[in-house]
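Engineer: Quick check, what structure comes out for this input:
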Amino acid sequence: MVDFQYKEKYDINDYRAIMVLLRGEGGCPWDAAQTHESIRRNMLEEAYEAVAAIDKHDMSNLCEELGDLQMQILFHAGMEEEKGGFTFDDVCDEACKKLIHRHPHVFGTTVVNGTQDVLKNWDAIKRGEKGQSTVSKAMDDVAETLPALWRAEKIQKKARKTGFDWPDWHGARDKILEEIGELEEAVASGSGVAEEMGDVLAAAVNLARLLDVDPEQALHGSCDRFVERFRFMEQEAARRGQALESLSLDEQEELWQLAKKNS
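Structural biologist: From the prediction side, this is the model:
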């Protein structure tokens, strides 16, 4: 058993100490065996679980999930500190310096007139920090690990800053129709189907962006509605003494339309 002082209430220093104990001699074999790569997915999952708590307005769960997300930060920083790399204090130092540097209107003499000026300054400062001398370089720096819909949206927003964008959503709508036509040609030829399908999805993201709709949230909402309507179809078929899979497509479509009316 490790030497540990139990308390009624713990703080960040206790959290750090616990992580050290878990990774140290006499600690947890699983924790000690982990690497940056082995727990990479854990960080993504914890972030999504925290966001799910926000979406549900569950503040109690959010408190818990933020703690789990914080553990991932302590985990990665602790592994680096063990081998003489950066420490958690270095992480905090870097974050504080970044916030100070990117808020010259708070910590410096820059004058802003509303949130748009703040965002414009933030973007310019960030590009300078990362050496993004061109917009395409800024696009390169958009994380490939983002959900594809969000990545497409961020890239499109960067393109917009050069004026390369539709003036309104109508142009984006017409572009979707154009891309669908190219997809049909690809299907007919048996070549380039995946590429053209990607272009259709990117065009749909463009339309969502110009309508001020989060494409990721919109698709999640569509998934939720689909599940609920499909559940209704199964239940309605069962109420009629039938199995959904035994029905014809036309009969299933009838149930689908009924589900839409009842949703």
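
Engineer: alpha carbons only for contacts and neighbour counts from here, please
Structural biologist: Will do.

Engineer: What's the local residue count around residue 85?
Structural biologist: When neighbours are defined as other Cα atoms under 10 Å, residue 85 has 11 of them.

Engineer: helix or strand for it, which one?
Structural biologist: For residue 85, there is no host helix or strand (DSSP states H and E).

Engineer: Now it: phi and psi?
Structural biologist: Backbone torsions of residue 85, given as degrees, to the nearest 10, read phi -90, psi -150.

Engineer: So for stretch 183-200, mean pLDDT?
Structural biologist: The average of the pLDDT scores along stretch 183-200 is 98.

Engineer: can you give me the offset of that stretch from its chain's centre?
Structural biologist: Chain-centre distance of stretch 183-200: 27 Å, with Cα atoms, centre = their mean, to the nearest Å.

Engineer: burial count for the nearest residue to residue 263 once chain neighbours are set aside?
Structural biologist: In this structure, residue 263 finds its nearest non-sequential neighbour in residue 229, 7.1 Å apart by Cα to Cα, 6 or more residues apart in numbering. Applying other Cα under 10 Å, we find 21 residues neighbouring residue 229.

Engineer: Strands of the stretch 151-263 of the chain, residue ranges please.
Structural biologist: For the stretch 151-263 of the chain, no strands are identified by DSSP state E, counting those that start in this stretch.

Engineer: can you pull the contacts of the residue nearest to residue 263?
Structural biologist: 256, 259-260, 263 (Cα atoms under 8 Å, 6 or more residues apart in numbering).

Engineer: Now do the contacts for residue 28.
Structural biologist: Residues in contact with residue 28 (Cα under 8 Å, 6+ apart) are residue 22.

Engineer: give me phi/psi at it?
Structural biologist: phi -100, psi 120.

Engineer: Repeat that for residue 129.
Structural biologist: Per-residue torsions, residue 129: phi -60, psi -40 (degrees, to the nearest 10).

Engineer: How confident is the prediction for it, by pLDDT?
Structural biologist: At residue 129, pLDDT is 89.

Engineer: What of residue 148?
Structural biologist: pLDDT, residue 148: 96.

Engineer: Please convert the buried members of the contacts of residue 229 into PyMOL selection syntax.
Structural biologist: Provided next is the PyMOL selection string for whichever of the contacts of residue 229 are buried by 16 or more other Cα atoms under 10 Å:
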select buried, resi 256+259
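
Engineer: Point out the least confident one among the contacts of residue 229.
Structural biologist: residue 263 (84).

Engineer: how close does that residue sit to residue 55?
Structural biologist: Computed as Cα to Cα, to the nearest Å, the residue 263 to residue 55 distance reads 20 Å.

Engineer: Please parse this protein into its domains.
Structural biologist: By the record's domain assignment, the chain is partitioned as 12-86, 217-262 (automatic domain parsing).

Engineer: any chance of those domains in CSV, plus distance to residue 118?
Structural biologist: As requested, those are exported to CSV (distance: least, Cα to Cα, whole Å):
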stretch, distance to residue 118
domain 12-86, 25
domain 217-262, 26
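
Engineer: closest one to residue 158 among those?
Structural biologist: Of all the domains of the chain, it is domain 217-262 that lies closest to residue 158, at 20.4 Å by Cα to Cα.

Engineer: First-to-last residue distance for the closest one?
Structural biologist: 22 Å.

Engineer: One more: stretch 48-62?
Structural biologist: Terminal residues of stretch 48-62 lie 11 Å apart, using Cα to Cα.

Engineer: One more: stretch 108-117?
Structural biologist: In stretch 108-117, first residue to last residue: 15 Å (Cα to Cα).

Engineer: which residues sit against it?
Structural biologist: 104-105, 118.

Engineer: Please, which helix or strand holds residue 74?
Structural biologist: Counting by DSSP H and E, the element that carries residue 74 is helix 59-82.

Engineer: Just the buried residues of whatever helix or strand comes next after that helix, please?
Structural biologist: Sequence order places helix 88-102 as the next helix or strand after helix 59-82, per DSSP H and E. For helix 88-102, the neighbour count (16+ other Cα under 10 Å) marks 88, 101-102 as buried.
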